[in-house]
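Chemist: requesting a structural model of the entry that follows:
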Amino acid sequence: MKSKEINKIIFISFSLIMFLLLIGFIIKRQDRFIYNLLASYIGYLLFIYFGNKRNIKVKNHIKILVLLTIIIHTLMGQYFNLYLTTYWFDNILHVFGVFSFALFFIIY
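Modeler: Numbering: from 1, shown residues only. Here you go, the predicted structure:
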């Protein structure tokens, strides 16, 4: 598969997951999480825009790790309330998130 096709699949998958989470947050009336989700998604769109404008190339596996961190935070941490119901979730997500974003910034 070509890189452009993989980027499309990543974009569509992330957009679909975020859209479904948005609907879930609306149904649960969790406004503060909606704003967080929108900020994350807008940040991703800005990254894509400036990445294309300045021809910045980020490897797909690193993009997937960063987006997976955002999805885990939003889905498991906020939607399923693991931040409140477990004592270990936040620590594990911090370790995974630091790893993901460190790879992003080191290789970027």
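Chemist: wait, I71 touches I17, no?
Modeler: Yes: here I71 reaches I17: they are 5.8 Å apart, a contact under C-beta atoms under 8 Å. C-beta: built from backbone N, CA, C; applies to glycine.
Chemist: so which of the two has more stuff around it?
Modeler: Shown here are I71 and I17; by other C-beta atoms under 10 Å, I71 has more neighbours (18 against 15).
Chemist: can you tell me how far that one sits from F47?
Modeler: Note on I71: its distance to F47, by C-beta to C-beta, to the nearest Å, is 15 Å.
Chemist: and L22, by the same measure?
Modeler: Distance, L22 to F47, by C-beta to C-beta: 19 Å.
Chemist: equivalent analysis for T74, please.
Modeler: Shown here: T74 relative to F47, a distance of 16 Å by C-beta to C-beta.
Chemist: and the host helix or strand of K4, average pLDDT?
Modeler: K4 is located in helix 3-28, with elements delineated by DSSP states H and E. Per-region confidence: helix 3-28 scores 95 on mean pLDDT.
Chemist: and whichever helix or strand comes after that helix with helix 3-28, angle?
Modeler: Note on helix 3-28: by DSSP H and E, the next helix or strand toward the C-terminus is helix 31-53. Using axes from the mean of the first three to the mean of the last three C-alpha atoms, to 10 degrees, the direction of helix 31-53 lies 170 degrees away from that of helix 3-28.
Chemist: pull out the buried residues from helix 31-53.
Modeler: Judged by neighbour count (16 or more other C-beta atoms under 10 Å), helix 31-53 contains these buried residues: 33-34, 36-37, 40-41, 44.
Chemist: repeat that for stretch 68-80.
Modeler: Residues of stretch 68-80 classed as buried under the neighbour-count rule (16+ other C-beta under 10 Å) are 69-75, 77-79.
Chemist: mind checking the end-to-end distance for that stretch?
Modeler: In stretch 68-80, first residue to last residue: 16 Å (C-alpha to C-alpha, to the nearest Å).
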